[in-house]
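Chemist: need coordinates for the following:
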Amino acid sequence: MGIPSYERRCAEIVNQTELLVATLDDADLGIQVPSAPEWTLNQLLRHVGHAHRWADSMLRDRLPEIDFSRNGAQLLASYVGESPADLIPWLREGAASLAEVLREVDPDEMIAPLGGFPGPRVWSRRMTHETAIHRWDACNALGVPYSLDPDLAQDTLREWTGLALPYAYQRWPEDTAALVGAGTVHLHATDVEAEFVIDLTGSAPVVSEGHAKADVAVRGPVVDLVLAVYRRQSLEGLEVFGKRELIELVLERVRF
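Modeler: Purely as a prediction, here's the structure:
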C-alpha cells in the first residue's frame with residue numbers, strides 16, 4: 001500500500017487525538033497504564049499533549065535543529081488528580097495547533113530535521129504514530145476496543161523499521177550491540193501489502209521493503225505486527241518461522 005500523504009498525516013494527528021479523547025468520558029485518569037507502568041493515564045495524556053506542543057514549538061520557531069530542552073513530554077510527576085474535562089480541550093488544542101503549523105510550513109524545509117530528513121515531514125509522521133500508539137495504551141488501560149486503519153498501520157510499521165530501529169542503535173548502543181551480526185528478519189503483514197526485511201548482519205540495520213527469505217519471518221495482521229514491535233503485545237497469535245529467538249532478541253533490545 002502507498003505511503004500516506006503529508007496532508008493525510010496532518011489530518012491524522014487531529015483524528016487520532018479525537019479518537020483518543022473519545023475514550024475518556026467519565027474515565028478515572030488516576031489508573032496506572034499497564035504498558036507504561038511508571039505513568040498514570042493522566043500522565044500518559046499529558047505526555048501526548050506535550051509531544052504535540054514540542055513539535056509545534058520547533059516548527060513555529062523554525063529551529064535549524066531539534067531542541068530537546070523544549071520537550072516536556074517526560075516531565076510528568078506533577079500531573080495528578082486531573083479530570084477528562086481538564087485534559088480533553090488541552091489535547092484537542094495542541095493537536096489542532098500542530099496540524100495548523102505543519103500545513104503552513106514547506107514540508108521540505110529543514111526545520112528541526114531528524115536523521116537528515118526535513119522536520120515537517122518527519123514530525124507529521126512521528127506525531128501521527130506517537131498518538132496512535134499511545135491511544136492503544138489508553139484503550140488497553142481502560143479496557144475498551146482499539147482499532148487502527150490498516151493503511152495507517154502499515155506506515156506505523158514502516159516508521160518503526162526506518163526510524164525506531166536505527167535510532168535505537170544510535171541512542172542505546174550497549175543494548176543493541178547483541179544485534180550486530182545477528183541475522184535477518186522478515187516482517188510480513190497478511191492483510192495489507194506491507195513487507196519489510198531487516199538485515200542485522202552489519203554494524204547498523206539495513207531495511208528494505210518486499211519479500212525475501214530471512215532467518216526469521218513473522219506473519220500476521222499489520223496492527224498485530226505494529227503492537228508486537230512496539231512491545232505492546234507478545235508474539236502470541238502471530239506466525240513465527242525460523243529463529244524465534246532472533247525476533248525475541250530484537251524486541252527485547254529495541255525500544256523507542
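
Chemist: what's in contact with the worst-scoring helix or strand of the chain on mean pLDDT?
Modeler: Using mean pLDDT, DSSP states H and E, the weakest-scoring helix or strand in the chain turns out to be helix 165-171, at a mean of 91. Residues outside helix 165-171 that contact it (C-beta atoms under 8 Å, 6 or more residues apart in numbering) are 115, 175-176, 179, 198, 204-205, 207, 253-256. C-beta: built from backbone N, CA, C; applies to glycine.

Chemist: any idea of the mean pLDDT for the next helix-or-strand element following that helix?
Modeler: Sequence-wise, the next helix or strand downstream of helix 165-171 (DSSP states H and E) is helix 173-176. Averaged across helix 173-176, the pLDDT comes to 94.

Chemist: CA-only coordinates of helix 173-176 in CSV, if you can.
Modeler: Provided in CSV are the C-alpha atoms of helix 173-176 (Å, rounded to 0.1, in the frame of the first residue of the first chain):
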residue,chain,number,x,y,z
PRO,A,173,24.4,1.1,21.6
GLU,A,174,25.0,-1.1,24.6
ASP,A,175,21.5,-2.6,24.3
THR,A,176,21.7,-3.2,20.6
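
Chemist: after that helix, next one along is what?
Modeler: According to DSSP H and E, the helix or strand after helix 173-176 is strand 184-189.

Chemist: that next one packs against which elements?
Modeler: Counting contacts by 3 or more C-beta pairs under 8 Å, 6 or more residues apart in numbering; DSSP states H and E, strand 184-189 packs against helix 150-159, strand 195-199, strand 216-220, helix 222-229, helix 244-253.

Chemist: would JSON lines of these with mean neighbour count and mean pLDDT be doable?
Modeler: Listed next are these as JSON lines, based on neighbours: other C-beta atoms under 10 Å; pLDDT from 0 to 100:
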{"stretch": "helix 150-159", "mean neighbour count": "21", "mean pLDDT": "94"}
{"stretch": "strand 195-199", "mean neighbour count": "20", "mean pLDDT": "97"}
{"stretch": "strand 216-220", "mean neighbour count": "20", "mean pLDDT": "98"}
{"stretch": "helix 222-229", "mean neighbour count": "24", "mean pLDDT": "97"}
{"stretch": "helix 244-253", "mean neighbour count": "17", "mean pLDDT": "96"}
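
Chemist: hang on, the earlier thing: now, of the contacts of helix 165-171, which are buried?
Modeler: With burial judged by 16 or more other C-beta atoms under 10 Å, the buried subset of the contacts of helix 165-171 is 176, 179, 198, 205, 207, 253-254, 256.

Chemist: which among those residues gets closest to Val14?
Modeler: For the buried ones among the contacts of helix 165-171, the residue nearest Val14 by C-beta to C-beta is Phe256; the value is 22.9 Å.

Chemist: pretty sure that closest one sits against Val226.
Modeler: No - taking C-beta atoms under 8 Å as the definition, Phe256 is not a contact partner of Val226, at 12.0 Å.
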